[in-house]
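J.: sequence and predicted structure below; questions after.
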Amino acid sequence: MKFLIKIGDKEYPVEILEKEGEVKIKVGEKEFSFKKEEKIFLAKTKFEKREFKEKRILAPIAGTISEIFVKEGDFVKEGQKIFLLSAMKMENEILSDFEGKVKKVFVKKGENVKKDQTLLIGE
Amino acid sequence: MKILEFEKLESTQKKAKEIAKEAEPWTVVLAKEQTGGYGRKGNFWYSPRGGLYFSAILPKTKIEDLQILTILAAFCIAKILKEDFKFEPFIKLPNDVYVNNKKICGILTENMILGKEVKNSIIGIGLNTNIEKFPKDLENIATSIKIELKRKVENKELLKKILEELKEKLEIIS
C-alpha cells in the first residue's frame, strides 16, 4: 500500500508492506519494521484531570453552630437552610449555595467556628 | 416603608421571614399581640396586647456590617426613650434596652446568608409600651413605658419614629 503524505510543502512517499508476520513501513529510503504481535504502545495521552469544583459551605462569620438542619447523604437545594449560626447575638441562617448531596458535615451542634472554616462539603 | 398590620400573629419575625424573599426592603410586619414571640435562642418574649411588636425587613447589608444592625437599633430605641420620655435607658449590648434596671425592649436580628452574600436581614423589636402588669416571673425583671410613666403611649407613632430613626442611621453606614 503506497501513500504520499504531504507535510507543509514536502511530500513523503510512504509504503506499508506486510510479509510473514512483519509489517514494514517505508518512508522515503528509511524503513521501519514491526513484528505483528509486538504491541505498539501509544504514548500515554495525558488527560487533564477534570476539576470538579468542590462544593463547600464556609462559616461567613465566627460564631456557634446552634442548629444543623441536614445530615450526610441528604440532597439539598440552593437556598435551603443548612445551619443556624449564632454570632454577635444574632441568629444567622446559613443557606446552601449549591444543589447536590451533602458529602460531609464537619461541625457539631454547639461547636464554635471560625470565619471561613469549612462547615460542610457537598458533591 | 410599608407596614403590614395584624391583630394577632404567632410571631412577627416568623411572618417577616416568610415574606422576606419577595418583600421590598423596609416592609414592616406589625402585630398587636404575639402568641409565640421569641428572642434569641428561641427564648419566649411576653407579647400581650398593649406592647409594640414588629419586624422590619432591612435592605441588604454587607457581612461586615451585620454586627452594627442590632446595636444601631438598640441605640435608636434608647435615644427615643431618653428624648421623648426622659428615661435614663441602659443598653445591655448589643440587643437589650433597660430602664430602671428592668428590661423594656429586646431586639433580635436574623440574617439569611448564602455564600458571601447576605440575602436578608430581619430585625425584630419587642418594646414594652402599654403593658400594665407583668406575670410574677417577669415583674422584677421587666418593665414598660406605661408602668414607668403612668400613662399610655401611641404605639403607631412610636413605631414610625423608631423606623425613621433606624432608617436614617442605617443610611449612614450603607
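T.: That came through, no problem.
J.: what residues are up against residue 69?
T.: Unless you meant another one, I'm taking chain A. Residues in contact with A:Phe69, defined by C-beta atoms under 8 Å, 6 or more residues apart in numbering or on different chains, are A:Gln80, A:Lys81, A:Ile82, A:Phe83, A:Leu84. The way it works is simple: take the backbone N, C-alpha and C, and place the C-beta from them, glycine included.
J.: hmm, I had chain B in mind actually
T.: When the contact criterion is C-beta under 8 Å, 6+ apart, the partners of B:Leu69 are A:Met90, B:Leu58, B:Thr61, B:Thr109, B:Ser121, B:Ile123, B:Leu170.
J.: cool, and A:Phe34?
T.: With contact set as C-beta under 8 Å, 6+ apart, A:Phe34 has these partners: A:Glu22, A:Val23, A:Lys24, A:Ile25, A:Ile40.
J.: over to B:Lys15?
T.: Taking C-beta under 8 Å, 6+ apart as the definition of contact, the neighbours of B:Lys15 are B:Leu4, B:Phe6, B:Leu9, B:Val29, B:Ala31, B:Ser55.
J.: could you tell me the per-residue confidence at the residue nearest to B:Thr35 when sequence neighbours are not counted?
T.: Nearest non-adjacent residue to B:Thr35, counting by C-beta to C-beta, 6 or more residues apart in numbering or on different chains: B:Glu10, 5.2 Å away. With respect to pLDDT, B:Glu10 has a value of 97.
J.: how is chain A carved up into domains?
T.: If you go by automatic domain parsing, the domain ranges for chain A are A:2-35, A:55-122.
J.: need those in JSON lines with mean pLDDT and distance to B:Lys14, can you?
T.: Listed next are the domains of chain A as JSON lines, based on pLDDT from 0 to 100; distance: least, C-beta to C-beta, whole Å:
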{"stretch": "domain A:2-35", "mean pLDDT": "80", "distance to B:Lys14": "75"}
{"stretch": "domain A:55-122", "mean pLDDT": "95", "distance to B:Lys14": "12"}
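J.: between those domains, which one is nearest to B:Ile91?
T.: With respect to B:Ile91, and counting by C-beta to C-beta, the nearest of the domains of chain A is domain A:55-122 at 12.1 Å.
J.: any idea where the strands of chain B begin and end?
T.: Residue ranges of the strands in chain B, as given by DSSP state E, are B:2-9, B:27-34, B:52-58, B:90-92, B:96-99, B:102-114, B:117-127.
J.: deepest-packed of the ones you listed, please.
T.: strand B:52-58 (a mean of 25; mean count of other C-beta atoms under 10 Å in any protein chain shown).
J.: residues contacting stretch A:4-23, please?
T.: A:1-3, A:24-28, A:33-37.
J.: for those residues, work out which two are farthest apart.
T.: A:Gly28 and A:Glu37 (27.1 Å).
J.: looking at these two, which is more packed in?
T.: Between A:Gly28 and A:Glu37, counting by other C-beta atoms under 10 Å in any protein chain shown, A:Gly28 is the more crowded of the two (10 against 6).
J.: what sits against the more buried one?
T.: A:Tyr12, A:Pro13.
J.: picking that back up, for the strands of chain B, give me a markdown table that also has distance to chain A.
T.: As requested, these are exported to a markdown table (distance: least, C-beta to the nearest C-beta, whole Å):
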| stretch | distance to chain A |
| --- | --- |
| strand B:2-9 | 18 |
| strand B:27-34 | 17 |
| strand B:52-58 | 12 |
| strand B:90-92 | 10 |
| strand B:96-99 | 9 |
| strand B:102-114 | 4 |
| strand B:117-127 | 7 |
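J.: any chance of the ones you listed in JSON lines, with distance to B:Leu163 too?
T.: Compiled in JSON lines, these are given as follows (distance: least, C-beta to C-beta, whole Å):
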{"stretch": "strand B:2-9", "distance to B:Leu163": "8"}
{"stretch": "strand B:27-34", "distance to B:Leu163": "7"}
{"stretch": "strand B:52-58", "distance to B:Leu163": "7"}
{"stretch": "strand B:90-92", "distance to B:Leu163": "19"}
{"stretch": "strand B:96-99", "distance to B:Leu163": "16"}
{"stretch": "strand B:102-114", "distance to B:Leu163": "13"}
{"stretch": "strand B:117-127", "distance to B:Leu163": "10"}
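J.: show me what contacts the closest residue to B:Lys14 other than its chain neighbours?
T.: Closest residue to B:Lys14 in three dimensions, ignoring its sequence neighbours and counting by C-beta to C-beta, 6+ apart: B:Gly36, at 7.5 Å. Neighbouring residues of B:Gly36 by C-beta under 8 Å, 6+ apart: B:Glu10, B:Ser11, B:Lys14, B:Phe44.
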